[in-house]
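Enquirer: have a look; sequence and predicted model below, questions after that.
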Amino acid sequence: MEKWQNSDTLLIWVVIIIGVMILLVGTLIGVFYISYKKVLRSKDEELKAKMEYQRSLLKVSLEAQENERMRIAADLHDNIISKLTIIRLKAVMGSRLQELDQLLGTAIDESRRISHELLPPLYEEKSLDDILLTVFKSWIKVYSIKHTIDVRTEKLIDKSIKLQTVRILQELLNNIHKHAKATHIHLMLRITDYCVVMLVKDNGMGFDTNCIRKGIGLKNIDSRAENLHAQYKYKSVKEKGTRFILFVTHGEDKTSIIR
């Protein structure tokens with residue numbers, strides 16, 4: 001009998017082979033375990049980052065709501081209460097009815113604008129383009145405004161898209177009013193079967209998009225765009241104005257046109 005055929009030798013070889021196989025299996029298990037831990041760690045870090053971002057958006061949203069309340073309170077005080085006080089004084093002084101009527105008309109217009117900002121009329125029933133135009137036209141006494149509307153579908157727009165898009169437009173108009181020193185604003189809107197594209201341009205002082213810090217207004221827009229899974233982009237030139245474009249998908253085709 002050959003030496004390698006000896007039972008003791010065969011047993012040694014079997015033990016060696018089994019040992020090698022166990023080592024290989026152990027090594028593979030170790031590699032897979034390390035890889036699995038890395039994947040779990042990566043997902044955990046991604047989840048933490050996402051939760052932190054969501055907390056940041058929630059904080060911004062709450063701050064924006066508080067600022068909005070303060071702005072509305074200021075509007076009521078400065079534009080409505082002050083005008084009503086003037087009307088009351090002029091009525092006591094015996095001013096002409098025509099003058100009082102003109103002041104009342106201005107107060108009513110301001111009240112209507114504030115009301116529309118809080119909740120556009122017939123919100124559920126009206127189309128998105130009608131709601132946006134109602135909001136936009138409320139600034140007609142402050143700016144020279146122009147609008148271009150291109151509706152290529154009869155498809156109903158989800159109410160959440162309506163609400164967030166309207167709020168984004170309101171935020172843009174308020175930002176223009178506070179910072180841009182513009183005299184003209186142009187709203188362009190296109191609605192198709194699968195997307196809503198809104199472009200807002202002004203002829204204001206512009207800003208450096210590389211240096212600007214995101215204030216509450218811009219963060220509020222960011223939060224609402226995130227809620228819609230939408231994309232947006234600013235382009236601004238100092239002393240030449242700013243343009244803002246928002247792209248919202250509401251159909252099956254998710255191709256973005258923002259570059």
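Expert: Received it, and whenever you're ready, just let me know what you need. Numbering: from 1, shown residues only.
Enquirer: phi, psi of the residue lying closest to residue 205 once chain neighbours are set aside?
Expert: With sequence-adjacent residues excluded and distances taken as C-beta to C-beta, 6 or more residues apart in numbering, residue 205 is closest to residue 181, at 5.1 Å. (C-beta placed from N, C-alpha, C; glycine too.) Note on residue 181: its backbone torsions stand at phi 60, psi 40 [degrees, to the nearest 10].
Enquirer: isn't residue 181 up against residue 204?
Expert: Yes: using C-beta atoms under 8 Å, residue 181 is in contact with residue 204, at 5.3 Å.
Enquirer: settle it for me: which of those two has more neighbours?
Expert: residue 204 (22 against 12; other C-beta atoms under 10 Å).
Enquirer: what does the pLDDT read for the more buried one?
Expert: For residue 204, the pLDDT comes out at 93.
Enquirer: do the same with residue 213
Expert: pLDDT recorded at residue 213 is 56.
Enquirer: and the strands in the stretch 1-150 of the chain?
Expert: Assigned strands in the stretch 1-150 of the chain, in chain order: 144-151 (criterion: DSSP state E, counting those that start in this stretch).
Enquirer: so where's it uncertain?
Expert: Within the stretch 1-150 of the chain, the stretches with pLDDT under 70 are 1-8, 57-68, 71, 74, 77-78, 116-124.
Enquirer: and the helices in it, which stretches?
Expert: In the stretch 1-150 of the chain, the segments counted as helices under DSSP state H, counting those that start in this stretch are 7-75, 82-92, 97-118, 128-137.
Enquirer: tell me which other helices or strands the shortest one touches.
Expert: Secondary structure elements in contact with helix 128-137, counted by 3 or more C-beta pairs under 8 Å, 6 or more residues apart in numbering; DSSP states H and E, are helix 97-118, strand 144-151, helix 159-175, strand 184-191.
Enquirer: alpha carbons of the first one, as PDB, please.
Expert: Going back to what we said before, that points to helix 97-118. Coordinates of each C-alpha in helix 97-118 appear next as PDB, following Å, rounded to 0.1, in the frame of the first residue of the first chain:
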ATOM      1  CA  LEU A  97     -68.100 111.600   0.300                       C
ATOM      2  CA  GLN A  98     -66.100 110.900  -2.800                       C
ATOM      3  CA  GLU A  99     -62.800 111.100  -0.900                       C
ATOM      4  CA  LEU A 100     -64.100 108.800   1.800                       C
ATOM      5  CA  ASP A 101     -65.300 106.400  -0.900                       C
ATOM      6  CA  GLN A 102     -61.900 106.300  -2.500                       C
ATOM      7  CA  LEU A 103     -60.200 105.600   0.800                       C
ATOM      8  CA  LEU A 104     -62.700 102.800   1.500                       C
ATOM      9  CA  GLY A 105     -62.000 101.300  -1.900                       C
ATOM     10  CA  THR A 106     -58.300 101.300  -1.200                       C
ATOM     11  CA  ALA A 107     -58.900  99.600   2.200                       C
ATOM     12  CA  ILE A 108     -61.100  97.000   0.600                       C
ATOM     13  CA  ASP A 109     -58.500  96.200  -2.100                       C
ATOM     14  CA  GLU A 110     -55.800  95.800   0.600                       C
ATOM     15  CA  SER A 111     -58.100  93.500   2.600                       C
ATOM     16  CA  ARG A 112     -58.900  91.400  -0.500                       C
ATOM     17  CA  ARG A 113     -55.100  91.100  -1.300                       C
ATOM     18  CA  ILE A 114     -54.400  89.900   2.300                       C
ATOM     19  CA  SER A 115     -57.300  87.500   2.200                       C
ATOM     20  CA  HIS A 116     -56.200  86.000  -1.200                       C
ATOM     21  CA  GLU A 117     -52.700  85.500   0.200                       C
ATOM     22  CA  LEU A 118     -54.100  83.600   3.200                       C
END
